[in-house]
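S.K.: quick one, structure for this:
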Amino acid sequence: MKHKFLTSTAVAALVGFGTAAAAEITISGSARLGTVTTEGAAAIVSDSVYSMTAVDQSFINAVDSDILYGIAATGATTTMLSFSTIAANQLLPTAAEMANITSLRERVLEISTSGSTAAIRSDAVVDLKSIDGVLARTNATFTKAVAKKKDTTVGKNRVRISFAGSGTTDSGLTYGFSARADHSNTSNGGTQYISGAFGKISMGDLNGGDEQMVGNLSGVGSSGAGSHQEFGYQSSSHNIGYSVSMAGVSFAATTDLVRGADEDLTGSNSAMGVKWSGDMGGTTVGVALGSSKIGTSTEKSVSASVAMGGLSVKAVSHTNDNGPVTAAVIASSSIIVGTKHVGAVDQVDNLDTDTTGLSISYAMDAMSVTAYTRTESTSGVADKDYSGVGMTYNLGGATIKAGFVDANDISVMDFGINFSF
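M.R.: Have a look, this model is predicted:
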């Protein structure tokens, strides 16, 4: 239900000022109360699996085994600590070998401050930075200990008041705003716009142009049961956009203007989407494409939807390339007294993440049922699977909502009543 204030036209008529451009402000609200029960999880034992690339292995062995910093006579061969730091071709170092690398670092640190010449100290400083880089990359897989989690049930309640204003200028331009206040007395979610034959320009808290057109799946539960039906659009924080619709085709483009000196946005920062929707013999069909580029990461998305009678079906596919591959840099291992080594840099693959999903909803009078499934796939990482099923029953102004979600093998139950006024 929406409540309207007097329009500016009506006010002008009442006070005898003649005509004016029409404008109005509406207030609406929503609230919910319910519970969410989340299944516990077994304890996780801590573990560290050390891994090292051949590039880093070559560098560490070179620092340990070569004649360094004038320690040995020219032409002689020595080791800094008289141990083999990493066994040949062993890309999974043991804990003892990792301790050796740490000891090697301490020796190079000592030379960087007390070496016999300024050149030797300078070379050791460079090697020290390279060793730290190797150590930072080597402990690549670390499992943190997590205590056993019990089943939990929490209350979920919220009140939200929404404000919307719209008006029309004498020349026919439409303008407006939307804002909301939650029960925490914090106002957020505000947007403003102006539109005309040229399209619509919006500013504020916007979704990216790709998300506006492609969208998400249908969710379940009173409070969303974790909102796992949503896709992680990287453009979700954009604050200025343009959109236009004509003949069943809609287009949106957005970006994020820097709003503070502490925000350092580099590279590209844009998103766009296009959608076609039309009626085909009583069936509404929609197809949408989206794309965004934030920094060096490019994201592509596509969706297709069909609705007829009380049945609605939507499929979404989403790919994030996570940036280009960074090539490896090979370490130098020249045996030259007083000459630093060149630090090794690993190749970074920035593997793609592919997410696909499908949702189905069916409405029958006051009742509707919804089901969805969504899978995230990244090379070298176990797939994450999410699925949910739920129902709603409209009481007229109040709606009973219940949902059950399997969130990657963790069960979530969400039940409550939602109100609108």
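
S.K.: just for the stretch 251-400 of the chain, where's the confidence low?
M.R.: 258-267, 322-350, 380 (pLDDT under 70).

S.K.: which residues touch Gln229?
M.R.: Shown in contact with Gln229 (Cβ atoms under 8 Å, 6 or more residues apart in numbering): 216-220, 357, 359, 372, 374, 386, 388. The way it works is simple: take the backbone N, C-alpha and C, and place the C-beta from them, glycine included.

S.K.: which one of the residues you listed sits closest to Asn408?
M.R.: Tyr386 (6.2 Å; Cβ to Cβ).

S.K.: state whether the closest one is indeed within a helix.
M.R.: No. Assigned with DSSP: H, G, I helix; E, B strand; the rest coil, Tyr386 falls outside any helix and is strand.

S.K.: in this structure it contacts Asp406, no?
M.R.: Yes. In this structure Tyr386 lies within contact range of Asp406 using Cβ atoms under 8 Å: 6.9 Å.

S.K.: those two: which is more packed in?
M.R.: Tyr386 (25 against 16; other Cβ atoms under 10 Å).

S.K.: now the strands for the stretch 151-300 of the chain?
M.R.: Assigned strands in the stretch 151-300 of the chain, in chain order: 152-168, 174-182, 187-196, 199-204, 240-246, 249-255, 268-280, 283-295, 297-308 (criterion: DSSP state E, counting those that start in this stretch).

S.K.: check these for me and report the most buried one.
M.R.: For the strands of the stretch 151-300 of the chain, average neighbour numbers computed from mean count of other Cβ atoms under 10 Å are highest in strand 249-255, which has a mean of 20.

S.K.: just checking, what packs against that one?
M.R.: In terms of contacts (3 or more Cβ pairs under 8 Å, 6 or more residues apart in numbering; DSSP states H and E), strand 249-255 is packed against helix 209-214, strand 240-246, strand 268-280.

S.K.: where does the stretch 1-150 of the chain have low pLDDT?
M.R.: Residues of the stretch 1-150 of the chain that meet the cut-off, pLDDT under 70, sit at 1-22, 65-90, 137, 139-143.

S.K.: wait, a strand at Val125?
M.R.: No. Read with three-state DSSP, Val125 is helix and lies in no strand.

S.K.: can you get me a residue count around it?
M.R.: Residues near Val125, counting by other Cβ under 10 Å: 17.

S.K.: was I right to think it contacts Ser112?
M.R.: Yes. Between Val125 and Ser112 there is a contact at 4.7 Å, judged by Cβ under 8 Å.

S.K.: pull the contacting residues for Lys200.
M.R.: 193-194, 242-244.

S.K.: list the beta-bridge partners for it.
M.R.: With DSSP bridges as the criterion, Lys200 is bridged to Ser195, Ser243.

S.K.: JSON lines for the helices and strands packed on strand 249-255, including distance to Phe198?
M.R.: Compiled in JSON lines, the helices and strands packed on strand 249-255 are given as follows (distance: least, Cβ to Cβ, whole Å):
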{"stretch": "helix 209-214", "distance to Phe198": "17"}
{"stretch": "strand 240-246", "distance to Phe198": "8"}
{"stretch": "strand 268-280", "distance to Phe198": "17"}
